[in-house]
Structure formats: C-alpha cells, structure tokens
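A.B. asks: Predicted structure and sequence below. I'll ask about it afterward.
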There are 2 protein chains.
Amino acid sequence: MKSTRSPARGLSRRTLLSTLAAIPTLIGPLRLTPALAQADQLPSWNAGRVKDSITQFVTRVTTQGPDFVPEDQRIATFDNDGTLWVEQPMYVQLAFVLSRVKTLAPQNPSWKTKQPFKAVLDGDMKTLAASGEKGLMQLVAVTHADMTADEFTTIVTDWLATARHPRFKRPYTELVYQPMLELLAYLRANGFKTFIVSGGGVEFMRPWTERIYGVPPQQVVGSSIKTRFQMRGDVPTLFRLPEVNFIDDKAGKPVGIYEYIGRRPIAAFGNSDGDLEMLQWTTMDGNRARFGLIVHHTDAEREYAYDRQSHFGRLDKALDAAAINKWTVADMKRDWKRIFPFEAS
Amino acid sequence: MKSTRSPARGLSRRTLLSTLAAIPTLIGPLRLTPALAQADQLPSWNAGRVKDSITQFVTRVTTQGPDFVPEDQRIATFDNDGTLWVEQPMYVQLAFVLSRVKTLAPQNPSWKTKQPFKAVLDGDMKTLAASGEKGLMQLVAVTHADMTADEFTTIVTDWLATARHPRFKRPYTELVYQPMLELLAYLRANGFKTFIVSGGGVEFMRPWTERIYGVPPQQVVGSSIKTRFQMRGDVPTLFRLPEVNFIDDKAGKPVGIYEYIGRRPIAAFGNSDGDLEMLQWTTMDGNRARFGLIVHHTDAEREYAYDRQSHFGRLDKALDAAAINKWTVADMKRDWKRIFPFEAS
C-alpha cells in the first residue's frame, strides 16, 4: 500500500490520532503521563473511608464546579513532629539539645553542678521537666544561640547524620511516615503548595526538609530565636541570639501562617493539641470545601500508641474537636499499610 | 518526486530535523519557544553597561560552568518602595495612613486637638515629623490595628482602588516601573524565585503584589504588627494588635530574609540606604557569582530625582557602597527607556 504517496489518501481521523499519540514518545522529556491520574498515588494507605476522604477532597477542589479552588490558593499545611516524622520517646529536637549539652559539657565544667545542665548530664528527666520553660530556654541558649546561622546549620546537619533513634537504631530522617510522603507528593501533583507549620525550630528543619519531604526552606514555618545582622570586617554575618522570637505552636500556628504564608490554607494536617488552632483556622471557613486530618498514633507494635495522656504530642482537645468538626482521623494501625520508607512495600 | 514511498529513500538528517522541528507546532500547548532566549526580554532597558551586567549575570548562573547555580538556589530579592513602585512625594503606605486618619476623623472628634492626629488633619507635616516614631506608631495603631486580618485587607484593597497619586493622577498600582516588571519576569523565566523584601507593611503589599508584580503573598517579606488568633464563637479570627512585630528595614532585611525565606539570595535589588545590608548579605559571599543593583532616581522630568538628601528613600551610604562593591547602579534617566507601563512603548 502506497498510502503516503498522496497526502489525501489514507489520512483518516484514526491515523491522525495515532500520529499525534506517538508524539510524546518522540519528544521524550516533554511526554505527558496520562496514567498518573489513574494509578494509586497513595499505595501505603489502606483502602477505606480515610483514604477516600483524601482523594474525594482533592478531586472536588481540582475539578471545575462549585468547590473548585484555583491553583494559587491550594495551600496545604503540615505539622512536623508526630505528623511527618516520629516524636517518641521525645521530640527529635529535644534529643538534639540533650545530646549537644553532653557534647559541650567537657568545655563547661560548671554544668556538673548547675541546673538544668546537671539534670541533663545525670539523665534526670524529672528534674529537667521541673526546670520548666526557663530551664528549657537555658538549654536552647547554649545549643542554638551564640553562633552564626551557618554554624548552626552545620551542627544540625552533622548531628542528624550520626544520631540514631534509641528504638529503631536509624537516623531520624529515615523515621518519616511513608503514607505522609505519598500524601505530600500527591497534593503537589494536584497543584497544591505544601508547607510545614511546626512548633519545632525553623532552622532545625530547613537544612533537610527539601531532601526528605520535598519542601523547600521558604515553605517551612516554625518557632525561632532572634537573629542579628552584623558586618564582621568584610564578612556579613547573621548571629543567633538567646532570645525567643516566635513560638509557632497552638494559637501561634494560625498567626505563623498569616505572617509567613499570607494565605489561608484549604487543607491542614496535624496530630496533637498543638495543631488544634491550625485546623480550626483552615477548616472553619464558611461552607467552602476544606480538609482537616489528624494522625492518630494507635500502633504500639510498628510505631507508638499515644493520645490523651502523652507528654509529647498530646492529642486530647483536638481529638474531641475532630469529631465535632468532621476532620478525618487517620488511625495509624488501621489506615497505614506501611509506616516507614525502609519497610518492605 | 515520490520520496516517501520507501522509508529509506529521502530520509536524510535534514528531513528528520525538519520533521522534529514541526512537532512543537503540532502540539500547540506544549510547544517550546526557542526564540525566547534570543528576543529582548528587557525592552525598556536602554542598551549599555547596566543592561549588559544583568544579562551577563543571568547567563553566568544559568549556564553550566563554574558559576552555575541550581534553580532552587536562584533567589532574587527586591525592595518595593522606590525600587518597584514610586515612593515620592511620600511612601504610599504613609499616604494611606494620612488618608485613613482623615476618613476616620469624624468618628474621633478628639483628634482635632490631639497630636499627632491634629497635625495630620491640619496637613502640618513638620509637627507630624517631630512626633517621631512614637507618633507614627499611634497613627499605625488606629489605621492598621484593632481589626481582623480580613478587614484590613479589604480596607487596603478599597483604598488602592480609589486613591490617586498627587502628581500622576493615577492609581498607585499603575506607578510601578516597567523596566523592573520586565526584570522580574526575565528572572522568573530563567528559573529564579522572586521575593519582595520591603520595609513596608507586609499586609499592605500582599493584597496586590501577585496581580501587579507576579509575586505571590508567600514571597512577600515586610514589616508587621503582631496578630492574635482567637475563636469568636464558631468563627476563627486573626486580630491585628497595635504592637510592632518586626521591622524589615536596614539590618532587619537580612534577618527577614533568613527568617522568612531561609536561603541566601544570589541577587538583590534596592534603591536606598534601607537596602544596604540586604545587598551586603547577598553579594559579599566569597567569590561566588552574585548580583546587586541600585536604582538611582535621576529623572526629575519623567519621575523624580533624589538621593543623598532625600527624606524618603535616602540613597547615601548605599551609593558609596555600590562603588566599592561593584554593584550595578541603574541611572533611571540614562538606562530606562520607559518608566511606567502606561507610557507608550
């Protein structure tokens, strides 16, 4: 058959379509992946009501109709400790503080007899807890301040490279939740901007959030201490001061969102009472399509089980509020097929 | 010629290339625009050393080689007042404050005899200036605080829609610099993220920066007052307090960049001594390819001419520093073919 001899001959709608269909293959780097929408992008979430609530919300706000939300307004905020990575037996940043105090102790002999340092060196968590916010701030001062911004970044990066979780014996950056990594990627694939809004220190997170979560530094909101700019000779320097700047927790989270992001989220993800106000601010926005999700730690075997009585990541008022406000509660044991990336999928 | 009869016949490198070249035309929405790199993307900049310094820097950091910078690190920060829009005869936000005081005066009869309000109502700028920072803060309190975040956004939006510049008789949002709009777009087309880092109030800018500059709210850093979150019945509310939170000016600019962006810029653009430290922080970074630019207002006829003696936007120390640090100084009269978008191009 010499169909190509005459341009008109053999040119049917079908051949035209098949020619067009071949184009993406020809131009490799530009090819679209129409299969993306069909494939399960949340493979570590078990089928059920919780998984459905996520995909149904995303479908509603990305489909033309009454609930459609333009891309620039698709802001999703995530708590970090207990929502994206492990927060037991203590917040990772507290483990960092205790570890750093021990490392710095030989240069600070007076700490042997001075609280709250003595409590840290003795492993006396009861006395440490009794030192309260004032004691904690003293520890933050010697581990987070009196150095340049670059120096702190290096210290955090080096510590995370060597520190190991006491139970899982792995770097903390491996103890992130696989279902949440998939959720972050799924939202981004659907035009969302994903932000971290954490009570943890912003400069403790920024060195690694892009690599681990795909969240760049400018999309990380957190607590902070004050910083001073100064020229040291010809070297411009940011110097960290032992003074609280902002606490991005509880009622501070909506404030941090307003101040740093400047847009109201349409979806928020948390796991504790520290996230209550962020979820209220996000979801209680008239009759618009909004989404709130609480990660409920129910799996003592694979991770931890804790809620109303926990010292770290207490989930009490926010669990009651979830029922009232129809927030989705992800039951780790029931809803997560896989917890950590290193588990076999 | 029946060259297409046999697949082998007539298949030369040339016909293959011409076939591939046709593909972009076939697949409309995906088509690449190879002409983009060649076309003049800065048409409102006159040819010369200043324009060359911009394009040469962008070429260096986007071309594989010793000065190449990965896309995620291409952060560019722009001052707003006097760099992106007009700041004479006074900062636009100050015009807003004065206008709001006059609007609110009938509801506040005591202002007729009380400073600094009386000075505003009398148009007595000398007494107003003498009231200093304390006086200014009183004016900010009554015009920016004691209302919700949403209420303030509405007030700003409404004011900008009706206010007119005293000389140009146009909305302030039209008094933006066409060469800088082109520069913002040019940088973004080359993989940069563009941020505003302004001494002005962040909530005064965010309602309109995306529409006017293409800079979304989360990429606007500025001064701010404190905010409090509270539930009012079932309505979560952000309430603005008459208390300074952060002053994003002078040595505050590198601090704001660290706190809000978390990454050191590789290019910074300003026009006054308020931008000195931002340009130092950006450019004095070892021997790496960095870019600093100062807009010098030299055109009294088309805009304004001011520098070392100006009350608003004083350019004195930063002009000396520009010479020492080899920052580019854009001479408005010499380097800008066109100042405002509404001028004929």
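C.D. replies: Alright, I've got the coordinates. Numbers count the residues shown, from 1 in each chain, chains lettered A, B, ... in the order given.
A.B. asks: what residue is smack in the middle of chain A?
C.D. replies: Nearest to the mean C-alpha position of chain A, by Cα atoms, centre = their mean, lies A:N80 at 4.0 Å.
A.B. asks: so is the residue nearest to it when sequence neighbours are not counted in a helix, a strand, or just coil?
C.D. replies: The shortest distance from A:N80 to any non-neighbouring residue, by Cβ to Cβ, 6 or more residues apart in numbering or on different chains, is to A:S198 (3.8 Å). All C-beta spots, glycine's among them, are computed from the backbone N, C-alpha and C. Assigned state for A:S198: strand (three-state reduction, DSSP: H, G, I helix; E, B strand; the rest coil).
A.B. asks: A:S198: neighbour count?
C.D. replies: 30 (other Cβ atoms under 10 Å in any protein chain shown).
A.B. asks: Let me know the distance separating it from chain B.
C.D. replies: Using Cβ to the nearest Cβ, to the nearest Å, we find A:S198 at a distance of 13 Å from chain B.
A.B. asks: quick one, what contacts the residue nearest to the centre of chain A?
C.D. replies: For A:N80, the contacting residues are A:196, A:198, A:200, A:205, A:222, by Cβ atoms under 8 Å, 6 or more residues apart in numbering or on different chains.
A.B. asks: Report pLDDT for A:A344.
C.D. replies: Here, the pLDDT recorded for A:A344 equals 76.
A.B. asks: Could you do A:F204 as well?
C.D. replies: A:F204 is given a pLDDT of 98.
A.B. asks: A:V101 now?
C.D. replies: 98.
A.B. asks: Return the backbone torsion pair for the nearest residue to it once chain neighbours are set aside.
C.D. replies: Nearest residue to A:V101, sequence neighbours excluded (Cβ to Cβ, 6+ apart): A:V120, at 4.6 Å. The phi/psi pair for A:V120 (degrees, to the nearest 10) reads phi -60, psi -50.
A.B. asks: So A:V120 is in contact with A:L104, correct?
C.D. replies: No: contact criterion Cβ atoms under 8 Å: A:V120 and A:L104 do not qualify, at 10.3 Å.
A.B. asks: Tell me which of those two has more neighbours.
C.D. replies: Neighbour count, other Cβ under 10 Å: between A:V120 and A:L104, A:V120 has more, with 23 against 13.
A.B. asks: A:V97 sits in which helix or strand?
C.D. replies: Element membership for A:V97 (DSSP states H and E) is helix A:92-104.
A.B. asks: Give the buried residues for that helix.
C.D. replies: A:92-98, A:100-101 (16 or more other Cβ atoms under 10 Å in any protein chain shown).
A.B. asks: Return the closest of the residues you listed with respect to chain B.
C.D. replies: A:Q93 (16.4 Å; Cβ to the nearest Cβ).
A.B. asks: Tell me how far the residue of the stretch 101-250 of chain A found nearest chain B lies from B:D273.
C.D. replies: Of all residues in the stretch 101-250 of chain A, A:P217 sits closest to chain B, at 3.3 Å by Cβ to the nearest Cβ. In this view, A:P217 and B:D273 are 28 Å apart by Cβ to Cβ, to the nearest Å.
A.B. asks: for the helix or strand encompassing A:L184, packing partners?
C.D. replies: Using DSSP H and E, the element containing A:L184 is helix A:178-189. Where contact means 3 or more Cβ pairs under 8 Å, 6 or more residues apart in numbering or on different chains; DSSP states H and E, helix A:178-189 is packed against helix A:49-62, strand A:75-78, strand A:193-201, strand A:267-270.
A.B. asks: let's go with 7 Å and repeat that
C.D. replies: Using 3 or more Cβ pairs under 7 Å, 6 or more residues apart in numbering or on different chains; DSSP states H and E, the elements in contact with helix A:178-189 are strand A:193-201.
A.B. asks: Please tell me how far the very next helix or strand once past the strand it packs on is from the chain's geometric centre.
C.D. replies: Downstream of strand A:193-201, the next assigned helix or strand under DSSP H and E is helix A:202-205. Distance of helix A:202-205 from the chain centroid (Cα atoms, centre = their mean, to the nearest Å) equals 12 Å.
A.B. asks: Name the residues of the helix or strand following helix A:202-205 that are buried.
C.D. replies: Sequence-wise, the next helix or strand downstream of helix A:202-205 (DSSP H and E) is helix A:209-213. With burial defined by 16+ other Cβ under 10 Å, the residues of helix A:209-213 counted as buried are A:209-210, A:212-213.
A.B. asks: Please apply the same query to stretch A:224-231.
C.D. replies: A:224-225, A:227, A:229.
A.B. asks: ok, that stretch near chain B or not?
C.D. replies: Yes: Stretch A:224-231 is in contact with chain B by Cβ under 7 Å from any Cβ of the partner chain, via A:224, A:227, A:229, A:231.
A.B. asks: Also stretch A:52-70?
C.D. replies: No: on the criterion Cβ under 7 Å from any Cβ, stretch A:52-70 is out of touch with chain B, staying 11.2 Å away.
A.B. asks: what's next to that stretch, contact-wise?
C.D. replies: A:42, A:74, A:183, A:187, A:190-191, A:266, A:289, A:291, A:328 (Cβ atoms under 7 Å, 6 or more residues apart in numbering or on different chains).
A.B. asks: again, only this time at 8 Å
C.D. replies: With contact meaning Cβ under 8 Å, 6+ apart, stretch A:52-70 is reached by A:42, A:45, A:74, A:183, A:186-187, A:190-191, A:266-267, A:288-289, A:291, A:293, A:328.
A.B. asks: Great, nothing more from me.
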